[in-house]
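> this is a predicted model, with the sequence first.
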Amino acid sequence: MAHAPSARSLPRRRLLAAGLSLGLLAASGAASAQSGKTIRLLVGFPAGGGTDAIARILAESLKDELGATVVVENKPGAGGQLAAQALKAAAPDGTTFFLSHDHSISILPQVIKSPGFDPAKDFVPAAGFATFVNAFAVSGGTPAAGFNDYLAWVRGQGGKSAVGVPAPASVPEFLVKVIGEKYKLDLVAAPYRGSAPMMGDMLGNQIAAGVGSIPDFIENHKSGKLRVVAVLGGTRQAVMPDVPTFAELGLAGFEDVPYYGIFAPAGTPNATLDAFAAAVARVVAKPAVHDRLAAMGLSVGAMTPEQLGQRERAYTATWSRIIKATGFVPQ
């Protein structure tokens, strides 16, 4: 038999209910603060590349979750440096975010003396949504069927060859340097302003090989227009299970995987960040969005602002050691 609540318990229950209601109002208030506004999602690479495609997939669904217009704004150049500087200059009001992979946040500040921003001071993590791996691919005009075939082909060219990379002083460029040193080849990294122009030259057989992310290569790999011959990371990728990891090929030390995340200007209210992260989590949990991103080679999974911050710091530390070991001097 149910008992009626005592007179003493009623005030406590009312206080708890009031507290819960205030919490829900605060969360909905943070989300509604962006309703009806235009939100800029900055991307540091040209339209047509992997990062741009990912941003547009998310923006399409985020507009419904946030009740706002979400516009992808490309600011290509300097490996994402221009977009990062634009984020620093933006007001911390929840209307400007920067969608980036590891390069702009974790690598640029280590390889450029004065990048014009300091991620630890000028940015705050807003939401993470995926990790991925970089890959080594050869163009259709290169006869190599696998990575070892490529090494043999380069030796047949006198031991020298150019390898495209999406940005100077990037993880792909350092990988080219390490490969050249290990196999005693004169591999020259050829930097581009993003993956899209690099892919154009690879598809036109203007350059024999390139290093980029799986999302950059996946469609042309599937169609046979180029061939991914090795991937970084600790395991083979589900979207291309026949491609070995560099560790399998004898080049260990590249198992830590990069991330994709969204960052906001420092000073953005925590409630706004939490509401935005929750919206991103709902978006990437949708089968239509999740499956599209996974088909591009991403390991999809929402990260809170705190989790994204932890992932960023760990990856930065890993590549700090690798960069120093190459003897690279910040420019």
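Done, it's in.
> buried residues in stretch 307-323, which are they?
By 16 or more other CB atoms under 10 Å, the buried positions in stretch 307-323 come out as Gln307, Leu308, Gly309, Arg311, Glu312, Tyr315, Thr316, Thr318, Trp319, Ile322, Ile323. Quick note: C-beta positions are derived from backbone N, CA and C, even for glycine.
> which elements pack onto the host helix or strand of the first one?
The reference is to Gln307. Using DSSP states H and E, Gln307 sits in helix 305-326. Counting contacts by 3 or more CB pairs under 8 Å, 6 or more residues apart in numbering; DSSP states H and E, helix 305-326 packs against helix 102, helix 108-111, strand 123-131, helix 171-183, strand 259-265, helix 270-285.
> for it, which outside residues touch it?
By CB atoms under 8 Å, 6 or more residues apart in numbering, the residues outside helix 305-326 that reach it are 102, 105-107, 110-111, 119, 124-128, 131, 171, 174, 177-178, 253, 256-259, 261, 273-274, 277, 303.
> before we move on, what SS does the nearest residue to Ala238 once chain neighbours are set aside have?
Nearest residue to Ala238 in three dimensions, chain neighbours excluded: Ala294, at 8.0 Å (CB to CB, 6 or more residues apart in numbering). Here Ala294 is recorded as helix under DSSP: H, G, I helix; E, B strand; the rest coil.
> from Val284, how far off is Ala294?
10 Å (CB to CB, to the nearest Å).
> more neighbours, the two?
Val284 (23 against 15; other CB atoms under 10 Å).
> give the contact list for that one.
Leu58, Phe129, Ala130, His290, Leu293, Val300, Gly301, Ala302.
> drop anything exposed from those.
Of those, these count as buried by 16+ other CB under 10 Å: Leu58, Phe129, Ala130, His290, Leu293, Val300, Ala302.
> quick revisit: find the residues that touch each one of Ala294 and Val284.
With CB under 8 Å, 6+ apart, Ala294 and Val284 have common neighbours Val300.
> of the buried residues of stretch 307-323, closest to Thr142?
Each of the buried residues of stretch 307-323 was scored against Thr142 by CB to CB, and Ile322 proved nearest at 26.6 Å.
> contacting residues for the residue nearest to Ala238?
Ala238, Val239, Val300.
> closest to Phe98 among those residues?
Val300 (19.5 Å).
> how much space between the closest one and Val284?
From Val300 to Val284 the distance is 5 Å (CB to CB).
> what segments of the stretch 101-250 of the chain are strands?
123-131, 134-139, 160-165, 186-191, 209-213, 226-231 (DSSP state E, counting those that start in this stretch).
> who wins for proximity to Pro269 among these?
strand 123-131 (10.0 Å).
> and the closest one, C-alpha only, in PDB?
What follows is strand 123-131, C-alpha atoms only, in PDB (Å, rounded to 0.1, in the frame of the first residue of the first chain):
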ATOM      1  CA  PHE A 123      41.000  28.100 -27.900                       C
ATOM      2  CA  VAL A 124      38.800  25.700 -25.900                       C
ATOM      3  CA  PRO A 125      37.700  22.300 -27.000                       C
ATOM      4  CA  ALA A 126      34.100  22.200 -27.900                       C
ATOM      5  CA  ALA A 127      33.400  18.700 -29.300                       C
ATOM      6  CA  GLY A 128      35.300  15.800 -30.700                       C
ATOM      7  CA  PHE A 129      33.600  13.300 -33.100                       C
ATOM      8  CA  ALA A 130      36.200  11.000 -34.700                       C
ATOM      9  CA  THR A 131      39.700   9.700 -35.000                       C
END
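> and the helix holding Gln307, how far from the chain's centre?
Its chain's average C-alpha position is 13 Å from that of helix 305-326, according to CA atoms, centre = their mean, to the nearest Å.
> and the average pLDDT for it is what?
Averaging pLDDT along helix 305-326 yields 92.
> what angle do helix 270-285 and it make with each other?
80 degrees (axes from the mean of the first three to the mean of the last three CA atoms, to 10 degrees).
> helix 305-326 vs strand 259-265, what angle?
110 degrees.
> what residues are up against Pro172?
Counting by CB under 8 Å, 6+ apart, Pro172 has contacts Asn134, Val165, Pro166, Ala189, Gly210, Val211, Gly212.
> does the second one touch Val176 like I think?
What it means is Val165. Yes - between Val165 and Val176 a contact is recorded at 6.4 Å, counting by CB atoms under 8 Å.
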